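Asks: Turn this into a structure:
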Amino acid sequence: MKQFNLSQTSKMLTTLLCSIMIAFAFASCEQDVYNPDNGKGEENTPNTFPFETTSSIQLNVKYDVPEGYKVLFEVYLENPFTIDKDGQAVKRTDISPVITRMTDGNGAYNGKEVITADRGNEAYIYTSYIGVPGLFKATISDNAINAEINYESISKDASNTRAYTNAPTGYYTLGTWNAKGRPNYLDTEGELSLSASILNTINKTLPEGKVCPDDYRQSTDFTVNDPEGRKAEVFVRFIGGTSSAASTFGYYCYKSGANQDAIKNAKKYIIFPNTFTSSDHWNKPVALKGGECVKLHYINENGVDQGTEFPNGVSIGWFLINDAYSTSNGSGTRFHSTPSLNTNDNGRTHTAAFRINDFVVLSFEDWSDSDYNDVMFNVWSNPIEAIAPEVPEVPEEKPEEGDQSIAYRMTYNGIMAFEDNWPAKGDYDLNDVIVKYKSVMSFNTKNEVLNTEDTFTALWSGADYKNGFAYQLNTDRSNVTTEFTENPSTFTAQGLDADINKATVNVFLNALDETGNNTKTSTYKIKNTFKMPVDHEAFGVAPYNPFIFVHSNQGTSRTEVHLINHAPTTKANMELFHSGNDLSDPTAGLYYVAAESYPFAIHLIDAETFSTEEKKSIDQSYPKFSNWAKTGGKEDKDWYK
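Replies: Numbering: from 1, shown residues only. The predicted model follows:
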């Protein structure tokens, strides 16, 4: 029997162990470049992560409104206002709303919405419509936004502001007010519930962010001049406004034809010490709601209160002290309806006025923009004929007729990237076809889609195949009229696909040609108009259902690559599903899924650029991608930005 040499045996074992370790190392280097599960997952179990850079939320908004008043509102993921160099709150221009919608006639909106997944838990709901709070801060919780918006819900305690309790020096009062600036002398008999038609007419006449027509901009000192010589009682109703300032509003009396000094020296009386209604964000109390009323007193040229009856020949001017209720001494820039008193502003006219039938609107511009809708009031008299200012009349806005008028638009941007080796994994660089999009969707007051204006730009084609690009809309082809407004081509099948019942728009045939083998880009603009408006939840949002068709195959049994769980068209070769690396189950509505943590196509919302190194997996070009996929999208949501 041969004897074993212990020393030799030890050397042999050491050599064998080293060989095994080296072989394992080489095997590790040769495995797929990206597999976060390291082979642990079931090869036949589809990955449940949809690789979406968007998230679906439930949006529930309720405003307190008069019957029939629909409110157009926007949702932002950060505060849409900032403070400018003059200390004024102004709307930002560097961000856009993620949602724009319109309530029903009861002030309510409830619907599913799609927003970016890269977000926090705050939302800001903004509207420029008067009669409701302008800005409301809400919380995104359990993928839902629930917002009950009224003046009570936004009003802060008076302790949160440095409000004044007595009239500023040089000003007088008609009575007292509480800590929020709500007068104790409101005239309940004169209070009016502002109608939806009145509010709609004001919104249309002085829209936020637009320039007020010159016809409405004028000195609005009102003169009592009853045709029958009767004395008159004069009332002011608060309407609302869009300003974020807690301003003080008041009046002064002078005889018609008085000189400049007499007008300047007329006693100034406060009507509403606090006109703020805008937002809980500014930490200011809300004192009033639209329609609340104050009866004025006639103060003669000697400064003596003559009671509530105004004789003929008396003029009434108005003033606004900008953001005065936010300061303990009521300080702030003074604006007057008598332009010559605006010495701080070179005599600029800061008031606008118009009437809707007998409803006279007086509106102030409280700073430097030109929409003149910052604070608004209604001035009226008893008898009504006693004050008949020469102001333009605007027609009362009636409820909309029909569903084809555009009420608002929403804009979507992003990039889509595709792998053309599906159902095989391929090199997984996700750059075989890269398309950038910008889509503007138009809606009516029922939040139905009227049309889409879609811009697609072929950015890159890292493929050897000739691949076409198309997108499908969730409505029948017979309901759509499609027009290429920019870059129509000789591609004869460009436009609506005549062989598919669901509206499917062929954009280009060969990405290699469109990019000039990646030496150029090509842009297409397409307008789709719907003969019958489409429910927005059923329709969905851009980029809709985009896809590539491989080998430029326009016929049947073709290879299509869509986003995860976006259904193929009726031209797709269904036998390819659940073959290769694909684990789709069309009977269960599962499409374009695989076992490993990668997609065959991806949508990057709000992306401006996207590129990967050729033949290298996406996680090498974007290192945060791996953790994003591994955590199911919970971490590194901004991996592509």
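
Asks: where in this structure is pLDDT low?
Replies: 1-42, 155-162, 280-281, 368, 399-402 (pLDDT under 70).

Asks: ranges for the helices of it?
Replies: Taking DSSP state H, the helices of the chain run over residues 6-29, 151-154, 196-205, 260-265, 511-514, 536-539, 618-621, 625-630.

Asks: Next, count neighbours for Asn184.
Replies: As a burial measure, Asn184 scores 9 neighbours (other CB atoms under 10 Å). To be clear about C-beta, it is placed using only N, CA and C from the backbone, and glycine gets the same treatment.

Asks: Let me see the contact set for the residue nearest to Ala117 when sequence neighbours are not counted.
Replies: In space, and not counting its chain neighbours, Ala117 is closest to Ser55: 4.4 Å by CB to CB, 6 or more residues apart in numbering. Ser55 is in contact with 114-117, 119, 143, counting by CB atoms under 8 Å, 6 or more residues apart in numbering.

Asks: Widest-spaced pair of the residues you listed?
Replies: Between any two of these, the greatest separation by CB to CB is 13.0 Å, found for Thr116 and Asn143.

Asks: and the residue most central in space within the chain, what does it touch?
Replies: In the chain, the C-alpha nearest the mean C-alpha coordinate belongs to Pro97, at 2.3 Å (CA atoms, centre = their mean). By CB under 8 Å, 6+ apart, the contact set of Pro97 is 74-76, 80, 126, 410.

Asks: can you give me the strands in the stretch 501-641 of the chain?
Replies: For the stretch 501-641 of the chain, strands defined by DSSP state E, counting those that start in this stretch occupy the ranges 502-508, 522-535, 545-549, 560-562, 601-605.

Asks: Same list (the ones you listed) but as CSV, adding mean neighbour count and distance to Ala352.
Replies: Listed next are the strands of the stretch 501-641 of the chain as CSV, based on neighbours: other CB atoms under 10 Å; distance: least, CB to CB, whole Å:
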stretch, mean neighbour count, distance to Ala352
strand 502-508, 22, 46
strand 522-535, 18, 35
strand 545-549, 24, 47
strand 560-562, 23, 53
strand 601-605, 22, 41
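
Asks: looking at the ones you listed, which is closest to Tyr325?
Replies: Short answer: strand 601-605, nearest of the strands of the stretch 501-641 of the chain by CB to CB, at 41.6 Å.

Asks: which helices and strands does that closest one pack with?
Replies: Applying 3 or more CB pairs under 8 Å, 6 or more residues apart in numbering; DSSP states H and E, one finds that strand 601-605 contacts strand 408-418, strand 545-549.

Asks: Relative to Lys641, which of those strands is closest?
Replies: Closest among those, using CB to CB: strand 408-418, at 11.0 Å.

Asks: Can I get the closest one as CSV, trimmed to CA atoms?
Replies: Written as CSV, here are the backbone C-alpha positions of strand 408-418 (Å, rounded to 0.1, in the frame of the first residue of the first chain):
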residue,chain,number,x,y,z
TYR,A,408,-57.4,75.0,-19.6
ARG,A,409,-54.3,73.1,-20.8
MET,A,410,-51.8,70.8,-19.2
THR,A,411,-48.2,70.3,-20.4
TYR,A,412,-46.2,67.1,-20.0
ASN,A,413,-42.5,66.6,-20.8
GLY,A,414,-40.1,63.7,-20.7
ILE,A,415,-38.0,61.1,-22.6
MET,A,416,-38.7,57.5,-23.6
ALA,A,417,-36.0,54.9,-24.2
PHE,A,418,-36.4,51.4,-25.8
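
Asks: partner strands of it, parallel or antiparallel?
Replies: Strand 408-418 has its sheet partners listed here by DSSP bridges as strand 433-443 (antiparallel), strand 601-605 (antiparallel).

Asks: Out of the ones you listed, which is closest to Gly632?
Replies: That would be strand 601-605 among these, by CB to CB, at 14.9 Å.

Asks: before we move on, back to that, can you put the strands paired with strand 408-418 in a markdown table and add distance to Tyr524?
Replies: Below are the strands paired with strand 408-418 laid out as a markdown table (distance: least, CB to CB, whole Å):
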| stretch | distance to Tyr524 |
| --- | --- |
| strand 433-443 | 10 |
| strand 601-605 | 18 |
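
Asks: on that earlier part again, any chance of a markdown table for the helices and strands packed on strand 601-605, columns distance to Thr475?
Replies: Below are the helices and strands packed on strand 601-605 laid out as a markdown table (distance: least, CB to CB, whole Å):
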| stretch | distance to Thr475 |
| --- | --- |
| strand 408-418 | 17 |
| strand 545-549 | 11 |
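
Asks: With respect to Phe484, which of those lies nearest?
Replies: With CB to CB as the yardstick, what comes closest out of these is strand 545-549 (16.5 Å).

Asks: Show me what that closest one is packed up against.
Replies: Strand 545-549 packs on strand 408-418, strand 433-443, strand 468-476, strand 560-562, strand 601-605, going by 3+ CB pairs under 8 Å, 6+ apart.

Asks: Nearest residue to Val440 in space, ignoring adjacent ones along the chain?
Replies: Val440 sits nearest to Glu453 (CB to CB, 6+ apart), 4.5 Å away.

Asks: residues in contact with the one you found?
Replies: Here Glu453 is in contact with 439-442, 485, 525-527 (CB under 8 Å, 6+ apart).

Asks: For Ala386, state which of the residues you listed is nearest.
Replies: Distances from Ala386 to the contacts of Glu453, taken by CB to CB, are shortest for Ser442, at 46.4 Å.

Asks: pretty sure the closest one is in contact with Asn451, am I right?
Replies: Yes - Ser442 lies in contact with Asn451 (CB atoms under 8 Å); the separation is 5.0 Å.

Asks: Bridging across strands, which residues link to the nearest residue to the residue nearest to the centre of the chain once chain neighbours are set aside?
Replies: Excluding the flanking residues, the one nearest Pro97 by CB to CB, 6+ apart is Glu74, at 3.6 Å. Using DSSP bridges, the bridge partners assigned to Glu74 are Thr100, Tyr126.
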